[in-house]
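Enquirer: sequence unavailable; structure follows:
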């Protein structure tokens, strides 16, 4: 599963810069990045570093830093962004104004312990932005191949944050238009033995016109995201406060 995940993340370098899903997920993040004073963003579980690309394009005065546990990808990111951008050895993340955790939490065996440790390293006033796959009934070979432990709904995601010094600003479903496709993929899982191989972990190659159409549809649904009762992903935005005592 680690090999499939690494291959999936590496393919994003060439394949996914223009892929509608990544661009729309970034737009949700961008809503919480002010255009004023320069900020420092820490990308936890950075993968191929697409967040750094988008940040450099849309907030060129911002500082991008990352943590990436897969060695080969970490080295690629150090080569690209510099050794000083690697925050893996930090005791705390007090230098960071914003921390992103984009489709990372579902990979953690103990998501609560992971979140508690991360928030405990952040400074009061910092912003935490999280995305996760939504709806356990959409579980498929995609999740198996990528090493997911679970998918989430609002209640289960908020439960991970419960009791932590977080003020939740937003929990919204993303990509409601992709739910039918997810349901088809979940039924496909039941119709054949679950292989969970690398082929199940890839985004499809879409013709440009289809990709652009899905981006247009997704742009509309993203603008209304606080109203949707469902979606294939969940987005959480929160600010960090001080621990009691």
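Expert: Here it is on my side, so go on. Predicted model, so just to flag it, every value in this text is computed and none were measured.
Enquirer: mind checking the longest helix of this structure?
Expert: The longest helix of the chain (DSSP state H) is helix 208-223.
Enquirer: can you name the next helix or strand after that one?
Expert: Downstream of helix 208-223, the first helix or strand assigned by DSSP states H and E is strand 233-240.
Enquirer: burial of the nearest residue to residue 124 once chain neighbours are set aside, as a residue count?
Expert: The shortest distance from residue 124 to any residue other than its chain neighbours is 4.9 Å, reached at residue 242 (C-beta to C-beta, 6 or more residues apart in numbering). C-beta: built from backbone N, CA, C; applies to glycine. A count of nearby residues for residue 242, using other C-beta atoms under 10 Å, gives 9.
Enquirer: correct me if wrong: residue 242 contacts residue 125.
Expert: No: using C-beta atoms under 8 Å, residue 242 is not in contact with residue 125; the gap is 9.4 Å.
Enquirer: quick one, strands of the chain?
Expert: With DSSP state E, the ranges of strands along the chain come out as 40-44, 63-67, 98-102, 127-133, 166-174, 233-240.
Enquirer: what's the pLDDT at residue 218?
Expert: Per-residue pLDDT puts residue 218 at 96.
Enquirer: buried residues in the longest helix of the chain?
Expert: Neighbour-count burial for helix 208-223 flags 211, 214-215, 217-218, 221-222 (criterion: 16 or more other C-beta atoms under 10 Å).
Enquirer: repeat that for stretch 173-180.
Expert: 173-176, 178-179.
Enquirer: could you do stretch 155-171 as well?
Expert: 157-158, 160-161, 164-166, 171.
Enquirer: which residues touch the residue most central in space within the chain?
Expert: Note on the chain: the residue nearest the mean C-alpha position is residue 102, at 1.6 Å, using C-alpha atoms, centre = their mean. Shown in contact with residue 102 (C-beta atoms under 8 Å, 6 or more residues apart in numbering): 25, 29, 43, 45, 51, 129-131.
Enquirer: kindly indicate the member of those residues with the most neighbours.
Expert: residue 43 (28 neighbours).
Enquirer: which one of the strands of the chain lies nearest to residue 226?
Expert: Distance to residue 226, taken as C-beta to C-beta, is lowest for strand 166-174 among the strands of the chain, at 5.3 Å.
Enquirer: got the contact list for that closest one?
Expert: 24-25, 28, 119, 128, 131, 134, 154, 157-158, 161, 221-222, 225-226, 228-241.
Enquirer: let's see that with 7 Å instead.
Expert: 28, 119, 128, 134, 154, 157-158, 161, 222, 225-226, 228, 230-231, 233-241 (C-beta atoms under 7 Å, 6 or more residues apart in numbering).
Enquirer: one more: stretch 40-50?
Expert: 9-10, 12-13, 16-17, 22, 51-52, 55, 62-68, 73, 77, 80-81, 87, 93, 95-101, 104, 118.
Enquirer: what separates that stretch from the chain centre, distance-wise?
Expert: Relative to the chain's own centre, stretch 40-50 is displaced by 9 Å; criterion: C-alpha atoms, centre = their mean, to the nearest Å.
Enquirer: what about it, start to end distance?
Expert: Distance across stretch 40-50, first residue to last, is 16 Å (C-alpha to C-alpha, to the nearest Å).
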